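>>> Sequence and predicted model, in that order:
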Amino acid sequence: MRTLPDFTRETDAHALGIARVAGVDEAGRGPLAGPVVAAAVRLDPGRMPPGLNDSKALSARARDRLFDALHEMAEFAIGEASVAEIDQLNILRASHLAMARAVAGLHAPGLVLVDGNMIPPGLACEARAVIGGDARVLSIAAASIIAKVTRDRIMVDLAQQFCVYGWDRNMGYPTAEHRRALLDFGVTPHHRRSFAPVHKALYQDKSVTP
């Protein structure tokens, strides 16, 4: 049986005198379009919304509810890396850049717990990587929700300009619908040209503008 994320790592850090502990996660490494978005979240131990979990384990409705609750109950910051930065740096380094920007937006964190097995360079505080952290650490789970909902809303907005790609449904991921639209209608300014399906579509003499 899968266990829910808990507050153990944050409590242990508090016991060592580290008062400001935040979780960090990103959303959008796999899509063919749109930015990668990261969030850093510091939870209030006495005021946490019930039902926090890895964003991937939640329905869209539950994520939206928790997103609104976290706006009221937690301190958080959001960072992005653009499509141009993804193509210039590669998706891993761009994800780390977005995470570093999110952490920089928090007020004086003493420790950040980062989802994954790598710590982004350039953080101005102590950091620890937690593999599978979005399913194990409450602060990281909260960050996964903030990052996911924020990015999904960006893609829904972009879908109003570029309706043929289905971004309001696939959020830029390489679904059959999205890949077929790429070949039929070409590449937009919001596509990641360094990703193979987009690079392939660039050889076609088609493009879409707003």
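Perfect, I can see it now.
>>> ok, which stretches of the protein are helices?
8-15, 60-73, 83-89, 91-104, 138-159, 167-170, 176-185, 196-202 (DSSP state H).
>>> quick one: which of those helices is nearest Arg42?
With Cβ to Cβ as the measure, helix 138-159 is the member of the helices of the chain nearest Arg42 (6.9 Å). C-beta here means a position set from N, CA and C on the backbone, and glycine is covered the same way.
>>> so what does the closest one touch, helix or strand wise?
Applying 3 or more Cβ pairs under 8 Å, 6 or more residues apart in numbering; DSSP states H and E, one finds that helix 138-159 makes contact with helix 8-15, strand 21-27, strand 36-42, helix 60-73, strand 75-81, strand 111-115, helix 167-170.
>>> List the buried residues in the fourth one.
Put plainly, it is helix 60-73. By 16 or more other Cβ atoms under 10 Å, the buried positions in helix 60-73 come out as 63, 66-67, 69-70, 73.
>>> closest to Asp157 among those residues?
Phe67 (15.6 Å).
>>> Which stretch among the helices of the chain is buried most, on average?
The highest average neighbour count among the helices of the chain, using mean count of other Cβ atoms under 10 Å, belongs to helix 138-159 at a mean of 25.
>>> mind checking how far that helix is from the chain centre?
6 Å (Cα atoms, centre = their mean, to the nearest Å).
>>> dump the residue contacts of Leu123.
Neighbour list for Leu123: 100, 103, 112 [criterion: Cβ atoms under 8 Å, 6 or more residues apart in numbering].
>>> ok, back up a step: which among the buried residues of helix 60-73 gets closest to Pro197?
Nearest to Pro197, judged by Cβ to Cβ, of the buried residues of helix 60-73 is Arg63 at 26.8 Å.
>>> in this protein, what spans have low per-residue confidence?
Within the chain, the segments meeting pLDDT under 70 span 1-2, 204-210.
>>> out of the contacts of Leu123, which one sits closest to Pro45?
Closest to Pro45 out of these is Val112 (16.6 Å), distances taken as Cβ to Cβ.
>>> quick one on the thing from earlier: pipe the buried residues of helix 60-73 into a markdown table and attach distance to Gly166 per row.
Converted to a markdown table, the buried residues of helix 60-73 look like this (distance: Cβ to Cβ, whole Å):
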| residue | distance to Gly166 |
| --- | --- |
| Arg63 | 19 |
| Leu66 | 25 |
| Phe67 | 22 |
| Ala69 | 29 |
| Leu70 | 28 |
| Met73 | 34 |
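>>> Would you check which pair of those lies furthest apart?
Arg63 and Met73 (15.3 Å).
>>> Of the helices of the chain, which is nearest Ala39?
Each of the helices of the chain has some distance to Ala39 by Cβ to Cβ; the shortest is helix 138-159, at 3.7 Å.
>>> Thanks again, I'm all set now.
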